[in-house]
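> How does the following fold in three dimensions:
(chains A and B)
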There are 2 protein chains.
Amino acid sequence: MNIGIVGLGLIGGSLAIDLSCNREHQLLGISRRAETCRIAQERGIVHQASTTPELMANADIIFLCTPLGAIEDTVRALVPYLNPKTVLTDVGSVKAPIVQAIAPLWPNFVGGHPMAGTTNAGIDAAIPHLFEGRPYVLTPTPETPPQAIATVASLVEELKSVLHICEPTVHDQAVALISHLPVMVSASLIATCMQEPADTLNLAQQLASSGFRDTSRVGGGNPELGVMMATFNRTEVLRSLKSYRNQLDTLIDYITQQDWPSLEATLTQTQQARPNFVD
Amino acid sequence: MNIGIVGLGLIGGSLAIDLSCNREHQLLGISRRAETCRIAQERGIVHQASTTPELMANADIIFLCTPLGAIEDTVRALVPYLNPKTVLTDVGSVKAPIVQAIAPLWPNFVGGHPMAGTTNAGIDAAIPHLFEGRPYVLTPTPETPPQAIATVASLVEELKSVLHICEPTVHDQAVALISHLPVMVSASLIATCMQEPADTLNLAQQLASSGFRDTSRVGGGNPELGVMMATFNRTEVLRSLKSYRNQLDTLIDYITQQDWPSLEATLTQTQQARPNFVD
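Okay, the predicted model is just below:
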């Protein structure tokens, strides 16, 4: 299969490395930067690389691995050069807005989200086996051609990822809950402490331990990433934040009314529910 | 020094083990259970043990290591047997209500909170060096005799703990922020997910990873402990929860209004502030 990779960064580069293990594939890479193309070819990450879209004319499938905000423009630039049979798939972390934007431009499109990464970026960050054992979500619509889904799914299997197939909105709701909401919840914890008078804040900083460390970790992460989550998954992030606020209000009510049995019942439910999410 | 320990569980037992390293100390233990007294003596954790308070008549200092809810009754039971010079100190995780209840009963009292522990309980959980390098907060009032503070502080030094001295309320505010608020924040995250329809909940459970794991950890902990925090530190837990809710509303407003510069500014501040709390 001729496999195109547009955007040779951490995700695109790592996809190319693993997919090129199958000798039947030809990896064709596109990057805006000639230097990245040179490195990707020199290291054998792709067989051919180019800064212009013509190279994609022979691709059977193309992975769109640009940043979220660039995907639509990338597709518009590619379309004039593509064979109608070519399957497009993206790797963006939000799916409903991407699927809404791309499906009308290219019917043979399957939204995708490989849930793997490191804190590094760029072609130098590309590593083998990045996706092995990790979730890879595909979000077809009722109109997506089954053959396109099957093509992407077969490559997901080669990556040894765990395939999940769901509606775009269900994906966005789930990642809002398990990834985007925790960032806002955790950042708000740190921001709350910062509002305190100096003596309390100083002592809190001295006494903070593993509980605060874990609960505040993702709220102390990359601000650009947090803003990107909120920008692209705004509808679901807002919905989950409002549902969270209702839940918080319930706990505040229990404590205000000293309704300890209800507080204990809720904390017992959360204790029992957590192992369904993580070990 | 004759050192009394009332309550020979994880904290009381571990205190006795470390303090008995100084051969000048005699460790005198009290437990409600005769079996615990036998074990504590047999293992050399204390020199003498008893189920009744008379043993404390010779104590120079007594560590009150019973559960929070039992401290006041314990002191009332001890008082008739005590030498007026005896210093009392407790190890409760909330300080203002304890200091308010005990100081009128025994002026020679210093509130204390060694911030160490394991998930185990009882005399079998007692281990050496539990308090080494950990914070140990003392919360004297303006009326607390300086000599009483000095006596407790000298033993805190023997434990190799890091001594902090502050007002009871400042302690309770600080632990609300770094310990009790995170439990409520984290539990609310899990509870929010549990409100979701089945397809979203199922996918969220499949996709949850390190971010969700860390942010939800303390919310999946012991429910009785969470209720105890809210019960005994109710004023400060409620205050911190309301301040947290305001902070959350600010983030919701930014996202609703698509005010990305303000969201990024907040997330940049939390990223910069977190290392002041934890490594």
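> In contact with A:Gln195, which residues?
Each residue near A:Gln195 by Cβ atoms under 8 Å, 6 or more residues apart in numbering or on different chains is listed here: B:Ser243, B:Gln247. For glycine as for every other residue, the C-beta is placed from the backbone atoms N, C-alpha and C.
> what about it, distance to B:Thr270?
Distance, A:Gln195 to B:Thr270, using Cβ to Cβ, to the nearest Å: 12 Å.
> now A:Asn233
19 Å.
> go on, A:Val278?
Distance from A:Val278 to B:Thr270, counting by Cβ to Cβ: 23 Å.
> Between those two, which has more neighbouring residues?
B:Thr270 (25 against 17; other Cβ atoms under 10 Å in any protein chain shown).
> Enumerate every residue touching the more buried one.
By Cβ under 8 Å, 6+ apart, B:Thr270 lies in contact with A:Ala187, A:Ile190, A:Ala191, A:Met194, A:Ser216, A:Gly219, A:Gly220.
> do that again at 10 Å, thanks
Shown in contact with B:Thr270 (Cβ atoms under 10 Å, 6 or more residues apart in numbering or on different chains): A:183, A:186-194, A:216, A:219-221, A:223, A:226, B:247.
> what number of residues lie near the closest residue to it other than its chain neighbours?
Leaving aside its chain neighbours, B:Thr270 sits nearest to A:Ile190 (4.0 Å; criterion: Cβ to Cβ, 6 or more residues apart in numbering or on different chains). Counted by other Cβ under 10 Å, the residues lying close to A:Ile190 total 24.
> these two touch, right, A:Ile190 and A:Thr215?
Yes: counting by Cβ atoms under 10 Å, A:Thr215 is a contact partner of A:Ile190 at 9.3 Å.
> Distance from the chain centre to stretch A:137-154, please.
Centroid separation between stretch A:137-154 and its chain, computed with Cα atoms, centre = their mean, to the nearest Å, is 18 Å.
> can you pull the buried residues of that stretch?
A:Val137, A:Leu138, A:Thr139, A:Pro140, A:Thr144, A:Ala148, A:Ile149, A:Thr151, A:Val152, A:Ala153 (16 or more other Cβ atoms under 10 Å in any protein chain shown).
> do stretch A:58-72 as well
In stretch A:58-72, counting by 16+ other Cβ under 10 Å, buried: A:Ala59, A:Ile61, A:Ile62, A:Phe63, A:Leu64, A:Cys65, A:Thr66, A:Leu68, A:Ala70, A:Ile71, A:Glu72.
> Which pair of those residues spans the longest distance?
Across the buried residues of stretch A:58-72, the longest distance by Cβ to Cβ is 21.4 Å; it joins A:Ala59 and A:Leu68.
> Chain neighbours aside, what residue packs nearest to A:Asn22?
A:Glu158 (6.0 Å).
> quick one, what contacts the one you found?
A:Asp18, A:Leu19, A:Cys21, A:Asn22, A:His25, A:Phe131.
> Adding neighbour count, secondary structure and pLDDT, write those residues out as CSV.
Formatted as CSV, the contacts of A:Glu158 follow (neighbours: other Cβ atoms under 10 Å in any protein chain shown; DSSP: H, G, I helix; E, B strand; the rest coil; pLDDT from 0 to 100):
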residue, neighbour count, secondary structure, pLDDT
A:Asp18, 20, helix, 97
A:Leu19, 20, helix, 97
A:Cys21, 11, coil, 92
A:Asn22, 12, coil, 93
A:His25, 18, coil, 97
A:Phe131, 23, coil, 97
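> and of these, the nearest to chain B?
Using Cβ to the nearest Cβ, A:Phe131 is the member of the contacts of A:Glu158 that sits closest to chain B, with 13.2 Å.
> Do I have it right that that closest one meets A:Met115?
Yes: with contact defined as Cβ under 10 Å, A:Phe131 reaches A:Met115; the gap is 8.6 Å.
> where do the contact lists of the two overlap?
Counting by Cβ under 10 Å, 6+ apart, the residues touching both A:Phe131 and A:Met115 are A:Val91, A:Ser161, A:Val162.
> is it true that the last one touches A:Leu138?
What it means is A:Val162. No: look at A:Val162 against A:Leu138 with Cβ under 10 Å: they stay out of range, at 11.6 Å.
> if we can go back for a sec, just give me the least confident of the buried residues of stretch A:58-72.
Scanning the buried residues of stretch A:58-72 for pLDDT, the low point is A:Leu68. It has 88.
> How much space separates that residue from A:Ser93?
For A:Leu68, the distance to A:Ser93 (Cβ to Cβ) stands at 7 Å.
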